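> my questions concern the predicted model and sequence given below.
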Amino acid sequence: MSNPALLGAESYELPPHSSHSDTPMIDTEKFQKPIRLNFSDRLRHFTWAWYTLSMSTGGLALLIASQPNRFKGLDEIGLAIYIINLIMFALVCSLMAARFIIHGGLIQSLTHEREGLFFPTFWLSIATMITGLEKYFGDDPAKAFSTTLEVLFWIYCVCTFAVAAIQYSFVFSSVTYRLQTMMPSWILPAFPIMLSGTIASVIAERQPDRSAIPIVTAGMTFQGLGFCISFMMYSHYIGRLMESGLPNREHRPGMFICVGPPAFTALALIGMARGLPETFSVMGSEDTGADGRMLEILALAAGSFLWALSLWFFCIALIAVLRSPPTAFHLSWWAMVFPNTGFTIATITLGNSFESSAIKGFGSALSVCIISMWLFVFVNHILAVIRQDIMFPGKDEDVSD
C-alpha cells in the first residue's frame, strides 16, 4: 500500500495475511527504515522561504553596525557577517535557479497559495544588502558610491511597488483565504515596499541635497503605504485571534512578523527626519534649523508611539511561543529573528535620540538575545536539512496548510 504523503518517495506493499490470523504480519523494521531521497528530488522542495535565512543574516549585520556599546573588532565582525550573507544569498539564488531549471514550475511557485507569499523575502534580503552597503562602506567619499546607492534605491522602489501591487491583485482575484486562518504572512507582499523608508533613512544623510529630498520623499511615501497595508491586515489578525484563538503551535513563530512593520516604520521616520539636508524648509520658512528640529521631534513622538505597538506584538508572540513551543523546524522560525532585529534597532535608535543609557542598555540586551536566537535557528535549520525535516515531500511551504 503506497503512502500518499510521500510523493516521489519509495512506496511499500503490505505483506499478505497469515493463514493463522486475521492480523497482517507487518515487518516493522521495514517501515522504520528512513526513506532517503536524492538531492535532485529534494531540490524540488527548495522554496522561496529559504530567503528568510539571507534576510535574517543581513538584518544581523545591520544590528551589529547599529550597536551603541562598541568594542574593538565589532565592525570587522559585522562586515564578516555581511559578506557571509552575500555568499548565502548567492547560494540560495543558485539553488532556486537549479530547482526551476531541473523541475520547472516557476510560475506555479509564485502563484501557490502558501509558497507564493514568501517570494517577497527575496526582496527583503536585497533591502538588507543595500542598507549594509551604506553601513559598512559609506565612508567612501567617491561620488560614484552615492550615485550607485541612489540608483539601487530607485530600482528597489519600482520593483517592490510592482510586487505589492501585482501579488495582492493576484491574491484578491485567484486565491481564497479564510479569515479564521489569517496569519501574519499575509503581510509579506507589503513588507519590501515598506523597507524603502528604512533604506532611505540610512542612505539619505550622505546623499547630496539634490538626491536626499527625493529619496526621503519616496521613502516616506512607500513606508506609509507598507505600514497602512500592514495595519489593515492587523484588524483581520486580531479578529482571527479573538474568534479562533492562537495559531497551531508549529506556526506560532510566524506571529513575530507583526513586530516588524511598526518597528521598521519607527526606525525609518526618525532616520529620514535626520537625513533631510540642512537647507530643507517647511512652507518656505527661512529658519531651516527650527524646521529640521521640529520634524525630528515629531518623528521621535511618532516613533515612540509605534515602538510601543511593536513591543506589544512582540510580547503577544513571545508568550504564545513559550506556552506551546513548536516541535518541528520550519523556515518560519526565522521570523523570530528578522522582525525582532528591526525592533531592536528601533530601540537603540530611540535610546540614542533620547540619550538614555537605560534604553540603549535594553537595546544591547535585546541584541544579545537576537544573536543567540540567530545561532539557535541556524543550527536547527542545518539539522533539519540533514534529518530531512525540510526539503522533503509534504514538509515545506509548497504544500497547503
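Yep, it's here. Numbers count the residues shown, from 1 in each chain.
> show me what contacts the residue lying closest to residue 92 once chain neighbours are set aside?
Distances taken as CB to CB, 6 or more residues apart in numbering place residue 50 nearest to residue 92, at 5.1 Å, with adjacent residues excluded. Where C-beta positions appear, they are placed from N, C-alpha and C, glycine not excepted. By CB atoms under 8 Å, 6 or more residues apart in numbering, the contact list for residue 50 reads 92, 95, 96, 331.
> closest to residue 110 among these?
The shortest approach to residue 110 among those belongs to residue 96, at 11.6 Å (CB to CB).
> what's the burial count for the closest residue to the closest one other than its chain neighbours?
Computed as CB to CB, 6+ apart, the closest residue to residue 96 that is not its neighbour in sequence is residue 46, at 6.5 Å. By other CB atoms under 10 Å, the residues close to residue 46 number 21.
> cool, and residue 245?
When neighbours are counted by other CB under 10 Å, residue 245 comes out with 9.
> dihedrals phi and psi, it?
phi 80, psi -170 (degrees, to the nearest 10).
> what about the most centrally placed residue in the chain, distance to residue 400?
In the chain, the C-alpha nearest the mean C-alpha coordinate belongs to residue 338, at 5.1 Å (CA atoms, centre = their mean). Distance of residue 338 to residue 400, computed by CB to CB, to the nearest Å: 24 Å.
> okay, now residue 81: neighbour count?
Neighbourhood size, residue 81 [other CB under 10 Å]: 22.
> the closest residue to it other than its chain neighbours sits in which helix or strand?
Distance criterion CB to CB, 6+ apart; nearest residue to residue 81, sequence neighbours excluded, is residue 61 at 4.4 Å. For residue 61, the host element (DSSP states H and E) is helix 51-65.
> and the very next helix or strand once past that helix, what other elements does it pack with?
Counting by DSSP H and E, the next helix or strand C-terminal to helix 51-65 is helix 74-103. For helix 74-103, the elements it packs on are helix 39-43, helix 51-65, helix 120-137, judged by 3 or more CB pairs under 8 Å, 6 or more residues apart in numbering; DSSP states H and E.
> quick check: buried residues in the first one?
Buried positions in helix 39-43, judged by neighbour count with 16 or more other CB atoms under 10 Å: 41, 42, 43.
> residues contacting the last one?
So that's residue 43. Per CB under 8 Å, 6+ apart, neighbours of residue 43: 95, 98, 99, 102, 103, 391.
> returning to what we had before: so who does the residue nearest to the centre of the chain touch?
52, 55, 56, 59, 124, 260.
> and the residues you listed as JSON lines, adding neighbour count, pLDDT and distance to residue 164?
Putting the contacts of residue 338 into JSON lines (neighbours: other CB atoms under 10 Å; pLDDT from 0 to 100; distance: CB to CB, whole Å) gives the following:
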{"residue": "52", "neighbour count": "27", "pLDDT": "96", "distance to residue 164": "18"}
{"residue": "55", "neighbour count": "29", "pLDDT": "95", "distance to residue 164": "17"}
{"residue": "56", "neighbour count": "30", "pLDDT": "96", "distance to residue 164": "21"}
{"residue": "59", "neighbour count": "30", "pLDDT": "95", "distance to residue 164": "20"}
{"residue": "124", "neighbour count": "24", "pLDDT": "96", "distance to residue 164": "12"}
{"residue": "260", "neighbour count": "28", "pLDDT": "94", "distance to residue 164": "15"}
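> a markdown table for those residues, including distance to residue 37?
Listed next are these as a markdown table, based on distance: CB to CB, whole Å:
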| residue | distance to residue 37 |
| --- | --- |
| 52 | 23 |
| 55 | 27 |
| 56 | 27 |
| 59 | 32 |
| 124 | 29 |
| 260 | 34 |
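> okay, now the unreliable bits of the stretch 151-300 of the chain?
279-291 (pLDDT under 70).
> could you do the stretch 1-150 of the chain as well?
1-34, 140-141.
> cutoff 50 now
By pLDDT under 50, the low-scoring segments of the stretch 1-150 of the chain are 1-33.
> sorry, back to before: please name whichever of the helices and strands packed on helix 74-103 is nearest to residue 326.
helix 51-65 (14.9 Å).
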